[in-house]
Structures are given as C-alpha cells and as structure tokens.
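1. Provide a 3D model corresponding to the input given below.
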Amino acid sequence: MIQERADRMHWQARSHRFDFPRPALVMGILNVTPDSFSDGGKYFDVSAAVERAREMVAEGAEIVDIGGESSRPFSTPVDEAEELRRVMPVIERLVGSVPVALSIDTRKPRVARAALEAGASIVNDIEANRDDPEMWEVVARYGAGYVCVHMQGTPENMQQNPHYTDVVGEVGEFFEDRLGRLMSVGVASEQVVLDPGIGFGKTVEHNLQLLAGLDSYRRFLRPLLIGVSRKSFIGRLLGVDVDKRLAASLACAVWSRWLGVEIVRTHDVAATLQALRMTEALLGEKRR
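-> Numbering: from 1, shown residues only. This next block holds a predicted model:
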C-alpha cells in the first residue's frame, strides 16, 4: 500500500502556491446559508461568518471555502443575485485580513467571477459535470485554483437512484475527460485539484468503494481533495445524527491521508488537523 506519494506536484491558485509532497492541507467549510445540512443558518450573518473564518484560520485551516448555496441532497437552488448577496460581503471582509487562500464554493460562473474579482483564489465547483465551458473560461482568465468535483446529476436529483457499473473506474474516466476539457480552454493542469465527490450522486456503497479506491487516482498526478465531513452516508451507515458524526469523519480523513490524499475539506478544523498530523507522524515512522 502506498501511504505517501513520491510525485512532486504543485497547485497554483493565483498568488497561492502549494507544493507537494507536504503535510495535508485543511480546507475549512464556511456555509453562509440558511439551509446547509450541517450548519445551515449558523453563519448566515456576515459578522458570524467572518468570525468563524478567522477561528478556522487560527485552528490551522490553510483554505477557507465559502458557499452561499446549499448542495445537500434535494436542496432548492438559489438565484445568482441571492448567492452574491450572501457571499460577497464575507469575501470582501476576509480578503487581506486572513493570510490564507479563499475559495468560492459555487456552480455559477458569474458568482465565481465576482468572488475572484474581490480577491478569492479558488473555485470549488460541484458542477464540473457540465458541458458549458463558461466556468472554466473564468478560471483560466484569473489563473484560479480549481476543484473539479464529480457529481452524478444535480443536488436536486443526485440521490434519486444513482447508478454505476464501476464507480471508481467511472469517476476516473470523468477526471480524465475533464482534465482534457479544462486544458482545451486554457486551464493549466497545475491549477486543478480532483475531488471524487463523496455523497454527490452516490449510495453508501458507492461512497465506500470510492474511499477504498482513492489511490487509483494517483495516476493523474494531481492533488486529491476529499470531503466527507458529517455527510449523510455516515448517518445511514452508522445510524447517527449529523452532530454525532465527528469520529467517523475523522476516520475517513485518516484513511484518505493514508492513501495519499493531500487536501481534506471539513467543518471541524482543529480535530481534523490533529488527526492528520498524527497520521503523518506515524507514516513517517513507518517509512524510516
């Protein structure tokens, strides 16, 4: 089993450059929404959101991922104007006041453009399954980091009987196709991170298969990001409510790091960082 990649890579997100191999990056989740599955409404107020972002940075987050539209299963989309109203005041207050990369979690090209104009560095795009290249052209124009997320369907319908013949292989084919499309519109491979989209159009079994097969995506020579924090498949598998899923989320983060994942997206920055650093210390001893 390969616990750490030997491949040297870098991820360029505008002025932010992350060189690998290195200790895993933690991306803190900041939902400025009234209806996200875990913390909806908690940081809907701008001041509360800014305070939470600063807290996550103090806990060790190197990226803060700001989202103004819930992507939970069966969620209702919000219009562009409302999404901008939610995220832009937060981004504008954080730019220049926190020493980390800011990520905009959106599937709308105009929201991404506005966030990048304001100083964000990364676009986290759950709708990389689209055919329209407008989002990718925005990413190319600004030299932004890009998180290419696999999703079957849309948040509104993605959990209505998702089906795969070979989920690990099909997600790999998706990554191969998208890397080609991204480069065709001017997005350099160094800008791209790959996310298999745990919970986005997958059953519990599909999610487990993806987590077990993460090392198969090493062949793309791009950093891997995993987002499992408090997700509903944990609740369905273990029968626990959303506020009781930390231990299982940490187990998934540790497992992912063991298989070479470089970036972990989480609600629980301090606990996740501690678990990752202990994992890395043990892996370092094992390699000696």
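
2. Could you tell me which residues make contact with the spatially closest residue to Asp19 that is not a sequence neighbour?
-> Distances taken as Cβ to Cβ, 6 or more residues apart in numbering put His10 closest to Asp19, at 4.8 Å, once the chain neighbours are dropped. (C-beta placed from N, C-alpha, C; glycine too.) Neighbour list for His10: 17-20, 190 [criterion: Cβ atoms under 8 Å, 6 or more residues apart in numbering].

3. swap in Gln152?
-> 129, 158, 162, 164, 200-202.

4. coming back round to it: just the buried subset of the contacts of His10, written out for PyMOL, thanks.
-> Buried residues within these, by 16 or more other Cβ atoms under 10 Å, are selected in PyMOL with:
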select buried, resi 18+20
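
5. Would you mind giving the contacts of His10 as a markdown table with secondary structure added?
-> Putting the contacts of His10 into a markdown table (DSSP: H, G, I helix; E, B strand; the rest coil) gives the following:
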| residue | secondary structure |
| --- | --- |
| Arg17 | strand |
| Phe18 | strand |
| Asp19 | strand |
| Phe20 | strand |
| Glu190 | helix |
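
6. returning to what we had before: next one: the residue nearest to Asp19 from Phe200, what distance?
-> His10 is 27 Å from Phe200, where distance means Cβ to Cβ, to the nearest Å.

7. Arg107 now?
-> 11 Å.

8. which residues are in contact with both of the two?
-> Residues touching both Arg107 and Phe200 (Cβ under 8 Å, 6+ apart) are Ile126.

9. Can you tell me which helices and strands the host helix or strand of Arg181 packs against?
-> In this assignment (DSSP states H and E), Arg181 forms part of helix 167-184. If you count contacts as 3 or more Cβ pairs under 8 Å, 6 or more residues apart in numbering; DSSP states H and E, helix 167-184 packs onto helix 134-142, strand 145-149, strand 192-195, helix 204-212.

10. Figure out which of the ones you listed is closest to Asp65.
-> strand 145-149 (8.5 Å; Cβ to Cβ).

11. Tell me the strands beside that closest one, with direction?
-> If you go by DSSP bridges, strand 145-149 pairs up with strand 122-125 (parallel), strand 192-195 (parallel).

12. element containing Ala128?
-> Per DSSP H and E, there is no helix or strand for Ala128.

13. Leu276 too?
-> helix 269-287.

14. State the mean pLDDT of the strand ranked longest in the chain.
-> Among the segments of the chain that qualify as a strand by DSSP state E, the longest is strand 25-31. Per-region confidence: strand 25-31 scores 97 on mean pLDDT.

15. could the contacts of His10 go into JSON lines alongside distance to Val147 and pLDDT?
-> Listed next are the contacts of His10 as JSON lines, based on distance: Cβ to Cβ, whole Å; pLDDT from 0 to 100:
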{"residue": "Arg17", "distance to Val147": "16", "pLDDT": "98"}
{"residue": "Phe18", "distance to Val147": "13", "pLDDT": "98"}
{"residue": "Asp19", "distance to Val147": "18", "pLDDT": "98"}
{"residue": "Phe20", "distance to Val147": "15", "pLDDT": "97"}
{"residue": "Glu190", "distance to Val147": "14", "pLDDT": "98"}
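
16. before we move on, back to that, name the nearest of the contacts of Gln152 relative to Leu221.
-> Nearest to Leu221 among those is Asn129, at 21.9 Å by Cβ to Cβ.

17. residues in contact with the nearest residue to the closest one once chain neighbours are set aside?
-> Nearest non-adjacent residue to Asn129, counting by Cβ to Cβ, 6+ apart: Met151, 5.5 Å away. By Cβ under 8 Å, 6+ apart, the contact set of Met151 is 126-129, 158, 197, 200-201.

18. quick check, nearest of those to Val46?
-> Of all those, Ile126 has the smallest distance to Val46: 23.4 Å, by Cβ to Cβ.

19. Just the pLDDT for the closest residue to that closest one other than its chain neighbours.
-> Distances taken as Cβ to Cβ, 6+ apart place Val149 nearest to Ile126, at 4.6 Å, with adjacent residues excluded. With respect to pLDDT, Val149 scores 97.

20. Equivalent analysis for the one 10 residues further on, please.
-> Among the per-residue scores, Gln159 shows a pLDDT of 72.

21. All set, thanks.
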